[in-house]
Every structure is written in structure tokens, then in C-alpha cells.
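Q: only the shape, not the letters, is given here:
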């Protein structure tokens, strides 16, 4: 759950929290960072959109840097991820 108050530094703090969450998720070897909060504030939604999260099945997901690998291995991981999470990544077909 992410909530911010009306303060001039609120969006900066929210960006930092989101970045820290994504980094921790990648360090833990997770393939995706997911946000499932259904009551996000407008400002938080804008921050999430700037970080290229993809909306699917009432949650927001972002690929983590742990997917950096060879072209073939990335394609294999994306195909496996697509099957496990039912995310339709158009670019996975390109790889």
C-alpha cells in the first residue's frame, strides 16, 4: 500500500519508495514487481505509469532487471513468465 500526503516532497518520496521496491524485487531474483493496490492515488498512478508498469488482471506488473540475459534466454523466460502469469507481452513474440 502506497499513500502520500499533500507535501511538496511527497512525489519524490513516492518515487524513491517505488524504486526501492523494484530494486529489492530484482535483488531477490523475482521476475516481476507487482502492485495490487486497488485504491492508488492519482499521483501514484502517474509515477507508476512513468516506470512502464503494465496493467493486467487488476494488477500492475513490471519486468525486473534480473531478466537481463542473452536474447534466447530472455525469450525463454518471457514465454515461461507469460504462461505462469497470463501476461500477454507483445514483445515476447518479437524475441
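A: Yep, it's here. All figures in this text were calculated on a predicted structure; none of them were measured in a lab.

Q: contacts for the strand or helix carrying residue 21 next, please.
A: Taking DSSP states H and E as the criterion, residue 21 maps to helix 10-27. Helix 10-27 has contacts (C-beta atoms under 8 Å, 6 or more residues apart in numbering) with 2, 4, 32-33, 43-44, 47-48, 51, 62, 64-66. C-betas here are computed from N, CA, C, even on glycine.

Q: again, only using 10 Å
A: Applying C-beta atoms under 10 Å, 6 or more residues apart in numbering, the external contacts of helix 10-27 come out as 2-5, 7, 9, 30-35, 41, 43-44, 46-48, 50-51, 53, 62-68.

Q: and for stretch 42-59?
A: Residues beyond stretch 42-59 that count as contacts (C-beta under 10 Å, 6+ apart) turn out to be 2-4, 6, 10-12, 14-15, 17-19, 22, 32-38, 40-41, 60-63, 85-89.

Q: give me the most central residue, the protein.
A: Geometric centre of the chain, nearest residue: residue 62, 2.3 Å, by C-alpha atoms, centre = their mean.

Q: what distance do you get for it to residue 7?
A: Computed with C-beta to C-beta, to the nearest Å, the distance linking residue 62 and residue 7 is 26 Å.

Q: can you list the low-confidence ranges for the protein?
A: Within the chain, the segments meeting pLDDT under 70 span 1, 65-69, 84-95.

Q: quick one: the helices in it?
A: Secondary structure of the chain (DSSP state H): helices at 10-27, 42-50, 71-85, 90-94.

Q: for the ones you listed, give me CSV that also has mean neighbour count.
A: Below are the helices of the chain laid out as CSV (neighbours: other C-beta atoms under 10 Å):
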stretch, mean neighbour count
helix 10-27, 14
helix 42-50, 14
helix 71-85, 14
helix 90-94, 10
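
Q: what is the neighbour count of residue 63?
A: Neighbouring residues of residue 63 were enumerated by other C-beta atoms under 10 Å; the total is 22.
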